[in-house]
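> Quick one, what's the 3D model for this:
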Amino acid sequence: MTRRALKWAAALAVSLSLHAGAAAYLMQRSTHVEIAGGGTTEIAIAGNAFADMVAAGETTEEVLPETHPETEPVQPEKASEVVPDATVETVVDQASPEVVEAEQPVVEATEVDATETVEPVENAQVVAALSEAPIPTPRPAYTPPPKPKVERKQAPKARTAPPKKRSAGSKGRDTQDARRGTASGKQNTGKASKGRQVARASQSGNARVSNYPGKVVSKLRRSLRYPSEAKRQRLKGEVRVRFTVAQNGSVSGIRIVRSSGSSILDQAALDTVRRAAPFPRIPNEAGRSSWGFTVPLAFRR
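Coordinates of the predicted model:
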């Protein structure tokens, strides 16, 4: 047993002996119970004389209270003297709880006994194998044979023909050729300028075609009026109107595709299209005789 266990056993024995002595002493005192103020009580019976009461009664022997032999308190046997280092209270107070440290996983390193010598078997075998292997003899350096010289054959020189003598009429032919070249150059320049003009015309025509719907919408926006009756009733909504523009800009086929839910606003949308007509002419580059539009017209305060 450890020293700490012996201390706890001694403290427990002393505590038990003290409790046993206290219990025996209390049991001894409980046999003699005295009632405070308990003297002789006289009983008087109404209607009877004192003499009659004396005559009627029989002499009774005096009853003495039973006396119990006094028992000496049992002294608790003294236990073998255990000399504690300190009193029980101090032992409890001073005995500080042992700090139990959390056990960490121990990483055991396998140590090689110093006395044991590890014989390098594999290394010896490898060394033996290497020693037994034949040592290759170095090969002599390879020297390539000299390349045969190739004699370059010189190409035969082309013979230049002697210049021909021009006749007297060759000068006139040269002049005609120069005139023809100038004329052809002018023709090519004219064709190139015409091509550029055509390209510019086509670009401007495409721009007019792509800008035409914007012109129609801008004219509708300028013609849009918010009805006074709708202002009084605080009406608001959006009407989707469809119409067709002819090549000369006139309008036909005006109708409502989606209503706003208010007849006042629907009628105002139709009046806006009629008020905006006629629209600009459709460009010839568009290649069409009519153009259909579906435009949303919003009425908001």
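> and the next element down the chain from the helix or strand harbouring I264?
For I264, the host element (DSSP states H and E) is helix 263-276. Per DSSP H and E, the first helix or strand lying C-terminal to helix 263-276 is strand 290-299.
> Partner strands of that next one and their direction?
strand 237-246 (antiparallel) (DSSP bridges).
> Go through the strand it pairs with and flag the buried ones.
By 16 or more other C-beta atoms under 10 Å, the buried positions in strand 237-246 come out as G237, V239, V241, F243, V245, A246. Glycine gets a C-beta too; all of them are placed from N, C-alpha and C.
> Using TSV, please lay out those residues together with distance to S289 and pLDDT.
Shown next, in TSV, are these (distance: C-beta to C-beta, whole Å; pLDDT from 0 to 100):
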residue	distance to S289	pLDDT
G237	34	95
V239	27	97
V241	21	97
F243	15	98
V245	10	97
A246	7	96
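> Turn these into CSV, including distance to T294.
Formatted as CSV, these follow (distance: C-beta to C-beta, whole Å):
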residue, distance to T294
G237, 17
V239, 11
V241, 7
F243, 8
V245, 12
A246, 17
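> which one of the residues you listed sits closest to L6?
Lowest distance from L6 to these (C-beta to C-beta) belongs to G237, with 102.5 Å.
> That closest one and L265 touch, don't they?
Yes. Counting by C-beta atoms under 8 Å, G237 does reach L265; the two are 5.1 Å apart.
> any shared contact partners between these two?
Common contacts of G237 and L265 (C-beta atoms under 8 Å, 6 or more residues apart in numbering): F299.
> From L270, how far out is S228?
According to C-beta to C-beta, to the nearest Å, S228 stands 17 Å off from L270.
> where are the low-confidence patches of the protein?
Scanning the chain with the threshold set as pLDDT under 70 gives 1, 28-142, 144, 148-151, 153-205.
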